[in-house]
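Participant: Quick one: sequence and predicted model below, then my questions.
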Amino acid sequence: MKGRGQESFVSLPRFAARLYNALTHTQAIERQHREIARDLVARLARGRLLDIGTGPGRLLSLVHELNPELELFGLDISEAMVHLARKNLAGLNVNLQRGDIRSSGFPDDFFEMVTCTGSFYLWDGSEECLEEIFRILKRGHSAYLFETYQDFDESAVQKALKANLQQESLVRRLVTPRLLMSQLRMTYRTNEISDIIKRTAFADSYTLDPTSLGGPPAWLRIRSTKPAARA
């Protein structure tokens, strides 16, 4: 069976990780991460938070800035990205691990919150990944996946992109729209995301909320909750 792209990141060279870090270091993406960080911190005052596909570690840095009391964990399938995140987060008490969310290695009921930004569509075995998230979440707590979706309003997204990139360099103005539009065409449709979740332990406890992150209205906030134990 053809994979969705996850395995291509396993052997990602370090220069490619650095290039990704440079190309995505835009004001719009910084704003996007800051909006997500504020959202997460507003929902969790203390406890353990896991960021799946943490990449260069920007989201964890912003979460720490907003609430240094949280215990932060980052998981990425790419050793090159984990290496880069360790450099970017040097001096912060963050647990960074190279690993696959299909089998994370974390204990049962370990995290108060799990999050992920823009990589759900790349997961091979998405149902298996969600089951693993369900296992490592504490009861009564939620995962928040911020994911682009394919049935977006292209004219609205293009308009927002144009406004966002006005202050960026020529290279970023040329590259960023191509990268985003390519990603959007690879992502799931809203009904496909719902169908995937319905085949997991989160079937009766999830919501899909359209949201604009950093401007473009092409995102969903996927909240999946592990029900509290029955009395």
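Facilitator: Thanks, I have it.

Participant: Over stretch 54-62, what's the mean pLDDT, rounded is fine.
Facilitator: When pLDDT is averaged along stretch 54-62, the result is 96.

Participant: for the closest residue to residue 186 other than its chain neighbours, helix, strand, or coil?
Facilitator: Closest residue in space to residue 186, ignoring its immediate chain neighbours: residue 121 at 6.0 Å, by CB to CB, 6 or more residues apart in numbering. Using the backbone N, CA and C atoms, a C-beta is placed for each residue, glycine as well. Three-state assignment for residue 121 (DSSP: H, G, I helix; E, B strand; the rest coil): helix.

Participant: before we move on, what about residue 207?
Facilitator: strand.

Participant: contacting residues around it?
Facilitator: 221, 222, 223 (CB atoms under 8 Å, 6 or more residues apart in numbering).

Participant: repeat for residue 66
Facilitator: 37, 38, 41.

Participant: can you check residue 58 too?
Facilitator: So residue 58 contacts 29, 30, 33, 88 (CB under 8 Å, 6+ apart).

Participant: Next one: residue 105 relative to residue 27, how far apart?
Facilitator: Using CB to CB, to the nearest Å, one gets 36 Å for the distance from residue 105 to residue 27.

Participant: mind listing what residue 107 touches?
Facilitator: residue 136.

Participant: Check for me that residue 140 belongs to a helix.
Facilitator: No - going by three-state DSSP, the assignment for residue 140 is strand, not a helix.

Participant: Report pLDDT for the residue positioned nearest the centre of the chain.
Facilitator: Computing the C-alpha centroid of the chain and ranking residues by CA atoms, centre = their mean puts residue 117 first, at 1.6 Å. Note on residue 117: pLDDT of 95.

Participant: Equivalent analysis for residue 210, please.
Facilitator: We have a pLDDT of 90 for residue 210.

Participant: How much space separates it from residue 102?
Facilitator: Distance of residue 210 to residue 102, computed by CB to CB: 28 Å.

Participant: what about these two, which has more around it?
Facilitator: Set side by side, residue 210 and residue 102 show more neighbours around residue 102, with 16 against 13, by other CB atoms under 10 Å.

Participant: The more buried one and residue 132 touch, don't they?
Facilitator: Yes - using CB atoms under 8 Å, residue 102 is in contact with residue 132, at 6.1 Å.

Participant: Which PyMOL command selects the buried ones in the contacts of residue 66?
Facilitator: Per 16 or more other CB atoms under 10 Å, the buried members of the contacts of residue 66 correspond to this PyMOL selection:
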select buried, resi 37+41
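
Participant: can you confirm residue 144 is in a strand?
Facilitator: Yes - assessed with three-state DSSP, residue 144 lies in a strand.

Participant: residues near it, how many?
Facilitator: Residues lying near residue 144 (other CB under 10 Å) number 21.

Participant: re the thing from before, what's the residue nearest to the centre of the chain sitting at in phi/psi?
Facilitator: Phi and psi for residue 117, reported as degrees, to the nearest 10, are phi -130, psi 110.
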